[in-house]
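[1] This is a predicted model, with the sequence first.
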Amino acid sequence: KSYKDKLGQIRKLQTMHKEDMLKMSQMTRKLTDLKRKKVDLQRKLKDENKTYAKWKQQSDKTIKQLRKIQREKNIQLQRHKTQLNKTESALKQKTAALVHLKKRQREMEQKKNANFR
């Protein structure tokens, strides 16, 4: 081959080399950008996981407190029901005793009135 042909090939190869180097630098920038985005996403995911963990912990704590309050209210309500039943039972007994006493009192008055006649 002639010198001109070889010179043309060298220039062609130099041009291809420049294009390849340009593509390489573009790909390197893209790779760096993708790596940065990956790190940012990992950081964001970590932050979101922390935020979720805090929310979950607070939510569980709130639920536990509400369940405790509900349990205490149920116990208090049961105590009040028991006390009410005791009071009602005592009231019924006293009412029955009062009715019985009034009946005896009437009977005694009737006997007294009958004896005076």
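    Alright, I've got the coordinates. Residues are numbered from 1 along each chain as shown.

[2] Distance from the helix or strand harbouring K86 to the middle of the chain?
    Taking DSSP states H and E as the definition, one finds K86 inside helix 3-116. In terms of CA atoms, centre = their mean, to the nearest Å, the centre of helix 3-116 is set 1 Å apart from its chain centre.

[3] Run a quick neighbour tally on I69.
    10 (other CB atoms under 10 Å). Where C-beta positions appear, they are placed from N, C-alpha and C, glycine not excepted.

[4] switch to numbering from 22
    OK, 22 is where the count begins now, so the last one is I90.

[5] Quick check: it vs T83, distance?
    11 Å (CB to CB, to the nearest Å).

[6] can you check V120 too?
    To T83, V120 is 54 Å away according to CB to CB.

[7] Equivalent analysis for Q91, please.
    Q91 is 12 Å from T83, by CB to CB.

[8] can you check Q63 too?
    Relative to T83, and taking CB to CB, Q63 is found at 30 Å.

[9] and what of Q114?
    47 Å.

[10] pLDDT weak spots in the protein?
    Residues of the chain meeting the criterion pLDDT under 70: 22, 138.

[11] In it, which residue is most central in space?
    S80 (3.8 Å; CA atoms, centre = their mean).

[12] C-alpha coordinates for stretch 34-48, CSV please?
    C-alpha atoms of stretch 34-48 as CSV (Å, rounded to 0.1, in the frame of the first residue of the first chain):
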residue,chain,number,x,y,z
LEU,A,34,-8.5,5.4,12.9
GLN,A,35,-7.7,8.7,14.7
THR,A,36,-11.2,10.0,14.0
MET,A,37,-12.7,6.7,15.2
HIS,A,38,-10.6,6.9,18.3
LYS,A,39,-11.8,10.4,19.0
GLU,A,40,-15.4,9.3,18.5
ASP,A,41,-14.8,6.3,20.8
MET,A,42,-13.2,8.4,23.4
LEU,A,43,-16.2,10.8,23.3
LYS,A,44,-18.6,7.9,23.6
MET,A,45,-16.5,6.5,26.5
SER,A,46,-16.6,9.9,28.3
GLN,A,47,-20.3,10.2,27.8
MET,A,48,-20.8,6.6,29.1
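
[13] Many thanks, have a good one.
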